[in-house]
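Asks: got a sequence here, can you model it:
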Amino acid sequence: MTSLPHLNAAFPRTRLRRNRTDAWTRALVREHTLTTDDLIWPVFVIEGENRREPIASMPGVERRTIDLMVEAAAAARDLGVRWLALFPITPPELKDPQGSFSGDPDNLMCRTIRAIKAQVPDVGLLCDVALDPYTSHGHDGIVKDGRVLNDETVEVLVRQSVVMAEAGCDIIAPSDMMDGRIGAIRDGLDASGHDMVRICSYAAKYASGFYGPFRDAVQTGGLLKGDKKTYQMDPGNAEEALREVALDIQEGADMVMVKPGLPYLDVIRRVKDAFQLPTFAYHVSGEYAMLRAASANGWLDYEKCLLETLLGFKRAGTDAILTYGALDAARLLKQG
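Replies: Predicted coordinates for the structure are as follows:
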């Protein structure tokens, strides 16, 4: 074991408990802190008016219509949460094998962006780019003969990104894991006059078992045939994550993300150390649902464990965290 040169004095001259004696000293020497500036709130949008739908597998999370989403955006801002991540629920009749509706400037996502920006302009919008909300087969890309096509999918993703930028999106967030899509999207945004729209790449997105409740939320779970292992990453790989991140940075990513969060804290740390770029983590639906379920059974204190989990992300190196518990965390932080 390597000795630490600054720890020459031994007990009883050195007592590490001295700096834990009282709350104000603990705060003074705290190495990492969590604030509302670190939080991004993922939300689900549905068609209609004045309607909300609870999501059974994600207690406390709802799908909302655009009018209620505007109200929710204002409420989040008032709590100090200034960023939302938008996910649309596309009606089945508007889905097709190519995910064509993703590029319609009047789709649910674009209308939601315009409504929020018109009424709550000081809330930032991070917008998911992938085809799974729009495809009839539930995959993130175009499928032919059982294979997800890369380059053909990227062409559609560029169109999807441009219409969202035109609607007012602040950060384009490609979650599809197609090769080369960051560079193509950057070129498409720049060519259409949106050179200041940022890209947050889901650079290291793993083929995880923790996404189940999310697929319930966006109503794609029953559609998916097979799995996403040919484009999402193998959970056993960390070196590959660094290659993915490096390529996305070279192609123009302004920020990068690791998803899921808790099983991949080592990857987050390595990405941050290697690239020193704004690094985000997604506290995904399954991770959130576990906290809620354990709390409902009296096994954990949801509030304490939520804040501890989010602080753990910060300690691992994240600059921001997407979490369904964003508003809960903001209320707790406000209470002190």
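
Asks: in this protein, where is pLDDT below threshold?
Replies: Filtered on pLDDT under 70, the chain yields the residue ranges 1-8, 221.

Asks: 50 - rerun?
Replies: Under the criterion pLDDT under 50, the flagged ranges of the chain are 1.

Asks: helices or strands next to the helix or strand harbouring Thr309 in the packing?
Replies: Here Thr309, judged by DSSP states H and E, is contained in helix 302-316. Helices and strands touching helix 302-316, by 3 or more CB pairs under 8 Å, 6 or more residues apart in numbering; DSSP states H and E, are helix 265-275, strand 279-283, helix 285-296, strand 320-323, helix 326-335. No exception for glycine: its C-beta is placed from N, CA and C like everyone else's.

Asks: deepest-packed of these, please.
Replies: Ranked by mean neighbour count, the helices and strands packed on helix 302-316 are led by strand 279-283 with a mean of 28 (mean count of other CB atoms under 10 Å).

Asks: please save the CA atoms from it in PDB.
Replies: C-alpha atoms of strand 279-283 as PDB (Å, rounded to 0.1, in the frame of the first residue of the first chain):
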ATOM      1  CA  THR A 279     -19.600  14.900 -18.300                       C
ATOM      2  CA  PHE A 280     -23.200  14.000 -17.500                       C
ATOM      3  CA  ALA A 281     -24.700  10.800 -16.000                       C
ATOM      4  CA  TYR A 282     -28.200   9.500 -16.400                       C
ATOM      5  CA  HIS A 283     -29.700   8.200 -13.200                       C
END
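
Asks: so which elements touch that strand?
Replies: If you count contacts as 3+ CB pairs under 8 Å, 6+ apart, strand 279-283 packs onto strand 255-259, helix 265-275, helix 302-316, strand 320-323.

Asks: quick one, the first one and helix 265-275 angle?
Replies: When you say that, I think you mean strand 255-259. Going by axes from the mean of the first three to the mean of the last three CA atoms, to 10 degrees, strand 255-259 is angled at 160 degrees with respect to helix 265-275.

Asks: just checking, what packs against strand 255-259?
Replies: strand 198-205, helix 239-251, helix 265-275, strand 279-283.

Asks: which ones are touching the nearest residue to His194 once chain neighbours are set aside?
Replies: Spatially, and ignoring its direct neighbours in sequence, His194 is nearest to Ala165 (4.1 Å; CB to CB, 6 or more residues apart in numbering). Contacts of Ala165 were listed using CB atoms under 8 Å, 6 or more residues apart in numbering, and they are Ile172, Leu189, Ser192, His194, Val197.

Asks: closest to Ser136 out of the helices and strands packed on strand 279-283?
Replies: strand 255-259 (24.4 Å; CB to CB).
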